[in-house]
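S.K.: Predicted model follows, preceded by the sequence.
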Amino acid sequence: MRRYLLWGFFLSISYISSISAQDTLSTHVNYDLSTEMAVGTGDFTAYQLVSNRHHVLATRPNTGYVRGAIEAEHSLSKYFTLTGGADIIASVHADHKVYLQQLYASLEYYKFFFEVGVRENDAILRNTQLSSGTFAKGTNAKPIPQVRIGTRDFWTVPYTNGWLQIHFEGGYGKFLDSQYRKDVYNDHTDVNYKYATGIWYHQKHFYFRTNPEKLFYVTAGIEHVAQFAGNKYGMENGQYVEKEHPVKMKDFFDIFLPFGDKNYFENGAMEDWVYGNHLGSMTIQLSWNINRDHMVQAYLEDPFEDGSGMRKGNGGDGLWGVEYVNRATGRQWVRGAVIEYFQTTNQGGPLHYDRGDYPDPIRSQITDKVVGNDEYYNHTYYGSYAHYGMTPGNPLITSPIYNMDGFNMYRDNRVKAWHAALNGELTDHISYLVKGSYREGMGTYNKPIYPKHHSFDAMLQGTYTKGPWQMSAAWAFDKGNIYGDCSTFNLKINYHGKIL
């Protein structure tokens, strides 16, 4: 895979070079050069500096990197645009030394796109800078290479007089962390009992909203992600077992909706009762345009790992939030603010007793059904929904990379948390960002933690922007027994340039 990425990097540079020689009125080439360092005390870089940043800054303390990115955009016609980009990072005191963070090519028609490669993408509905994150398709882990198709923004459905807009996307890809998963397992066999490699990835979302120009408008929809195929290794009933699921064309259809193999017991594949690891969220959001410059919106993101979550059988689980948006031009003391409550303690209840988990004749004798213990982000076959140890979802559920003993699954997925954030501009060149989170962790239903773990994590950041230069300084800290007591000072310098 690394070889293919390197070839892709050189091909993208060749592409950028070739279009640079074409009509400069229809071609734009930009580049970014940046460096960042984080120094301090504690076992980790402070949580708020790392979370929801595509795992660019390492979780290890006293780390840093230099980064170079280039992007080219070429207009093929009035409606068609071709875009390509490459982004490389060299880090110190990190799990990855030199690697490609992004490498992609995209063909766009109006608001629709077809894209191949690995690319950092923002959350669809949440404010990436202020929000605590999203449950399924978040911005916390390194991006996963995919083939994707969808809309860049909300698209107004014709003949609805502007009252209906939709935003959709779907894609297939593959996790790149097979060697990482194997190494973590082999280095910590005293606590780990399984791992998976060669995992494939599917994601999609569909949102609709009413006319956003009206006084009130509603946004609702669903996100769905899944892990499928791949190989599982580990201990079962005291024996080391290897199970291989090479991907087949049929799998790409089977994974689209969570159906399974009715003969899974005969095939010795309990994991195929429902094929793959499925999770996601359903969102409802109400927005109020106070006037042309100010908006307030309230939202609920309801997580699911199976049908109990989709039936809202998970109690108060979800991300409950209120956001204020200031769209006025010029300097604004408060540009945006977010207050969120995040809960994952219910998970459908502590028990799971489903007739589908047993073969006949036992199955036909079971009349009761209790569907719970959803084990958010953990899975029987794949171990964990993680990429290089980081959750691609909401980081308030502590990622496996933070397990000091090397355990490769989520130990603490039943949490209650409050999160708040605020940003704005102090002068024409100086902006600020303040955010903090407090959480309580109760472990899992299978292995509860008592007394509860807790952590308060906060950050204060100031950014100076002058022309193509941007410099930021921040201080962040963690206080509690989830990450320990960490204090980190952070400095980042970025230069944005244009070739064409």
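M.R.: Nice, I can see it.
S.K.: excluding its backbone neighbours, what's nearest Asp317?
M.R.: The spatially closest residue to Asp317, leaving aside those adjacent along the chain, is Asn346, at 4.8 Å (CB to CB, 6 or more residues apart in numbering). Placement of C-beta: from N, CA and C, glycine included.
S.K.: what's the answer for Gly170, then?
M.R.: Nearest to Gly170 is Lys204, by CB to CB, 6+ apart, at 3.9 Å.
S.K.: and what of Leu82?
M.R.: The spatially closest residue to Leu82, leaving aside those adjacent along the chain, is His74, at 4.9 Å (CB to CB, 6+ apart).
S.K.: wait, isn't the one you found in contact with Ser106?
M.R.: No. With contact defined as CB atoms under 8 Å, His74 does not reach Ser106; the gap is 11.0 Å.
S.K.: Which stretches in the stretch 101-250 of the chain count as strands?
M.R.: 112-118, 146-151, 155-156, 165-174, 194-197, 200-209, 216-228, 230-236, 239-245 (DSSP state E, counting those that start in this stretch).
S.K.: Single out the most deeply packed of those.
M.R.: Among these, the stretch with the highest mean neighbour count (mean count of other CB atoms under 10 Å) is strand 194-197, at a mean of 22.
S.K.: Each with direction, which strands does that one pair with?
M.R.: Each strand paired with strand 194-197, and its direction, by DSSP bridges: strand 230-236 (antiparallel).
S.K.: next one: the strand it pairs with to chain centre, how far?
M.R.: For strand 230-236, the distance from its own C-alpha centre to the chain's C-alpha centre is 25 Å (CA atoms, centre = their mean, to the nearest Å).
S.K.: What's the per-residue pLDDT of the residue nearest to Ile284 when sequence neighbours are not counted here?
M.R.: Closest residue to Ile284 apart from its sequence neighbours, by CB to CB, 6+ apart: Ala220 at 4.9 Å. On the pLDDT scale, Ala220 is placed at 98.
S.K.: List the residues that contact Ala220.
M.R.: 207-209, 282-285 (CB atoms under 8 Å, 6 or more residues apart in numbering).
S.K.: And the residues you listed, which two are furthest apart?
M.R.: Arg209 and Met282 (14.5 Å; CB to CB).
S.K.: rewinding a little: helix, strand, or coil at the residue nearest to Asp317?
M.R.: Recorded secondary structure, Asn346: coil (DSSP: H, G, I helix; E, B strand; the rest coil).
S.K.: Would you check that it makes contact with Glu305?
M.R.: No. Using CB under 8 Å, Asn346 is not in contact with Glu305; the gap is 11.6 Å.
S.K.: Those two: who's more crowded?
M.R.: Of the pair Asn346 and Glu305, Glu305 is the one with more neighbours under other CB atoms under 10 Å, namely 24 against 18.
S.K.: Was I right to think that one contacts Pro258?
M.R.: No. Look at Glu305 against Pro258 with CB under 8 Å: they stay out of range, at 10.2 Å.
S.K.: Could you tell me which residues touch both of those two?
M.R.: Common neighbours of Glu305 and Pro258 (CB under 8 Å, 6+ apart) are His278.
S.K.: quick one, what contacts the spatially most central residue of the chain?
M.R.: Nearest to the geometric centre of the chain sits Gly138, at 2.3 Å (CA atoms, centre = their mean). Going by CB under 8 Å, 6+ apart, Gly138 touches 52, 123, 391-395.
S.K.: Just want the phi and psi numbers for it.
M.R.: phi -90, psi -170 (degrees, to the nearest 10).
S.K.: cool, Lys97 as well?
M.R.: Torsion angles, degrees, to the nearest 10, at Lys97: phi -90, psi -60.
S.K.: tell me how far the ends of stretch 342-350 are from each other?
M.R.: The first and final residues of stretch 342-350 sit 19 Å from each other (CA to CA, to the nearest Å).
S.K.: And for it, what's in contact with it?
M.R.: Taking CB under 8 Å, 6+ apart as the rule, stretch 342-350 contacts 132, 303, 305-306, 308-309, 313-320, 370-376, 394, 396-397, 413-419, 439, 442, 445.
S.K.: and if we set it to 7 Å?
M.R.: Residues from elsewhere that reach stretch 342-350 (CB atoms under 7 Å, 6 or more residues apart in numbering): 132, 303, 308-309, 313-319, 371-376, 394, 396-397, 413-417, 419, 442, 445.
S.K.: Then stretch 194-205?
M.R.: Counting by CB under 7 Å, 6+ apart, 124, 137, 144, 146, 168-175, 178, 181-182, 185, 221-235, 247, 255, 381-383, 408 sit against stretch 194-205.
S.K.: could you show me where the helices are in the chain, in order?
M.R.: 2-20, 47-50, 178-187, 249-254, 307-310, 362-365 (DSSP state H).
S.K.: Confidence-wise, which of the ones you listed is weakest overall?
M.R.: Confidence, taken as mean pLDDT, is least for helix 2-20 of these (a mean of 49).
S.K.: Can you tell me what sits against stretch 55-69?
M.R.: With contacts defined as CB under 7 Å, 6+ apart, stretch 55-69 is touched by 31-40, 42-45, 49-50, 85-95, 101-102, 140-142, 388, 390, 401-402.
S.K.: Ok, stretch 490-500 next?
M.R.: Outside stretch 490-500, the residues that reach it (CB under 7 Å, 6+ apart) are 20, 24, 27-38, 49, 468-474, 476.
S.K.: per-residue pLDDT, Phe304?
M.R.: So Phe304 comes in at 94 (pLDDT).
S.K.: can you pull the contacts of it?
M.R.: By CB under 7 Å, 6+ apart, Phe304 lies in contact with 279-282, 310.
S.K.: Only whichever of these are buried, select them in PyMOL.
M.R.: A single PyMOL command selects the buried members of these (16 or more other CB atoms under 10 Å):
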select buried, resi 279+280+281+282+310
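S.K.: Farthest-apart pair in the contacts of Phe304, please.
M.R.: The distance between the two most remote of the contacts of Phe304 (CB to CB) is 11.6 Å, for Leu279 and Met282.
S.K.: I'd say Phe44 and Tyr483 touch.
M.R.: Yes. Counting by CB atoms under 7 Å, Tyr483 is a contact partner of Phe44 at 5.3 Å.
S.K.: who touches both of these two?
M.R.: Shared contacts of Phe44 and Tyr483, counting by CB under 7 Å, 6+ apart, come down to Tyr402.
S.K.: which residues does the nearest residue to His224 once chain neighbours are set aside form a beta bridge with?
M.R.: Leaving aside its sequence neighbours, His224 sits nearest to Gly280 (CB to CB, 6+ apart; 3.9 Å). Counting by DSSP bridges, Gly280 forms beta bridges with His224, Phe304.
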